[in-house]
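Peer 1: could you look at this predicted model? Sequence included:
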Amino acid sequence: MKIAVTAKQNKGIDSEVDPRFGRANYFAVLDTKSMEIDFIQNTAAETSSGAGVMAAQLIADQKVSAVISGSFGPKAFNTLNTAGIKLYSSKGSTIKEVVEQYNKGILEQVTAASNSGHIGIR
């Protein structure tokens, strides 16, 4: 299964999970069985507005089934939900650890936006 995880840096499977979705530095797109990983720079992170929707579209274009992040704003949540992508919450840790938690079925699925969204650059 192909999923995406927000990442603070592009340092492989041991990269730290970024708690932000729309303003995450990178998205790690990986196969949960083979653990093959590709990093995509989040070009939406530095935009003045609309980062959540732009990041969600970037992820939807990757044809992933799920996204793991610390939080999702309302616009990102709605865009990903409309695309049929499941959202999961993770508090910190590394990509390797959250993917293992995902594979074990212990991550909490997000059913509503987990923050109120933001206006403008961080």
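Peer 2: Received it, and whenever you're ready, just let me know what you need. Residues are numbered from 1 along each chain as shown.
Peer 1: quick one: contacts for Ala60?
Peer 2: Thr79, Leu80, Ala83, Ile85 (C-beta atoms under 8 Å, 6 or more residues apart in numbering). Where you see a C-beta, it was placed from the backbone N, CA and C, and this is true even at glycine.
Peer 1: ramachandran coordinates for it?
Peer 2: phi -60, psi -40 (degrees, to the nearest 10).
Peer 1: same check on Ser49?
Peer 2: phi -160, psi 160.
Peer 1: separation between it and Lys96?
Peer 2: Per C-beta to C-beta, to the nearest Å, Ser49 is found 33 Å from Lys96.
Peer 1: Ile40 too?
Peer 2: 18 Å.
Peer 1: coming back round to it: give me the more crowded residue out of Ser49 and Lys96.
Peer 2: A direct count of neighbours by other C-beta atoms under 10 Å for Ser49 and Lys96 places Lys96 higher, at 18 against 11.
Peer 1: tell me the spacing between the more buried one and Ser89.
Peer 2: To Ser89, Lys96 is 17 Å away according to C-beta to C-beta.
Peer 1: again with Asp31
Peer 2: To Ser89, Asp31 is 21 Å away according to C-beta to C-beta.
Peer 1: and Gly73, by the same measure?
Peer 2: Using C-beta to C-beta, Gly73 is found at 13 Å from Ser89.
Peer 1: what does Phe72 give?
Peer 2: From Phe72 to Ser89 the distance is 8 Å (C-beta to C-beta).
Peer 1: what do the two both touch?
Peer 2: Common neighbours of Phe72 and Ser89 (C-beta under 8 Å, 6+ apart) are Val110, Ser114.
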